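Asks: predicted structure and sequence below. I'll ask about it afterward.
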Amino acid sequence: MILSKLWQAYESEKRIQGFSPNTLKAYALTIVTPLLLKALRKGYARKRGNKITGVKASMQQ
């Protein structure tokens, strides 16, 4: 399931339960921020890994 659709389902359920829009925005930040940071870390690690691999390859030649 796409994250945006999953969030919409979660948000509608919480609205039915009486959660305020501000609370839901705070929840969105608490849920999305760690996912975003994880994706950024993976991208950074991938870039660093490619640079390190490239250095090792050039040293062996």
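Replies: It's in. Model, not experiment: these values are computed from the prediction.

Asks: residue 21 and residue 27, how far apart?
Replies: Per CB to CB, to the nearest Å, residue 21 is found 11 Å from residue 27. Using the backbone N, CA and C atoms, a C-beta is placed for each residue, glycine as well.

Asks: when these two are compared, which one has more neighbours?
Replies: residue 27 (15 against 9; other CB atoms under 10 Å).

Asks: ok, now which ones touch the more buried one?
Replies: The neighbours of residue 27, taking CB atoms under 8 Å, 6 or more residues apart in numbering as the test, are 14, 19.

Asks: which of the residues in the strand or helix carrying residue 45 are buried?
Replies: Assigned by DSSP states H and E, residue 45 belongs to helix 21-60. Across helix 21-60, burial judged by 16 or more other CB atoms under 10 Å covers residue 24.

Asks: show me the shaky parts of the protein.
Replies: 1, 3, 50-61 (pLDDT under 70).

Asks: mind doing that once more with 80?
Replies: Within the chain, the segments meeting pLDDT under 80 span 1-4, 6, 29, 31-33, 35-36, 39, 43-61.

Asks: touching, residue 24 and residue 12? I think so.
Replies: No: contact between residue 24 and residue 12 fails when scored by CB atoms under 8 Å: they sit 9.9 Å apart.

Asks: from the chain's centroid, how far away is the helix holding residue 45?
Replies: Helix 21-60 sits 8 Å away from the centroid of its parent chain (CA atoms, centre = their mean, to the nearest Å).

Asks: one more: stretch 9-20?
Replies: With CA atoms, centre = their mean as the basis, stretch 9-20 stands 22 Å off its chain's centre.

Asks: using CSV, list the CA coordinates for it.
Replies: The C-alpha atoms that make up stretch 9-20 are tabulated as CSV, following Å, rounded to 0.1, in the frame of the first residue of the first chain:
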residue,chain,number,x,y,z
ALA,A,9,-6.9,5.7,6.1
TYR,A,10,-5.1,6.3,9.5
GLU,A,11,-6.1,9.9,9.5
SER,A,12,-9.7,9.3,8.7
GLU,A,13,-9.9,6.6,11.5
LYS,A,14,-8.4,9.1,14.0
ARG,A,15,-10.8,11.9,12.9
ILE,A,16,-13.7,9.5,13.6
GLN,A,17,-12.2,8.9,17.1
GLY,A,18,-12.2,12.7,17.6
PHE,A,19,-8.6,13.6,17.2
SER,A,20,-8.0,17.3,16.4
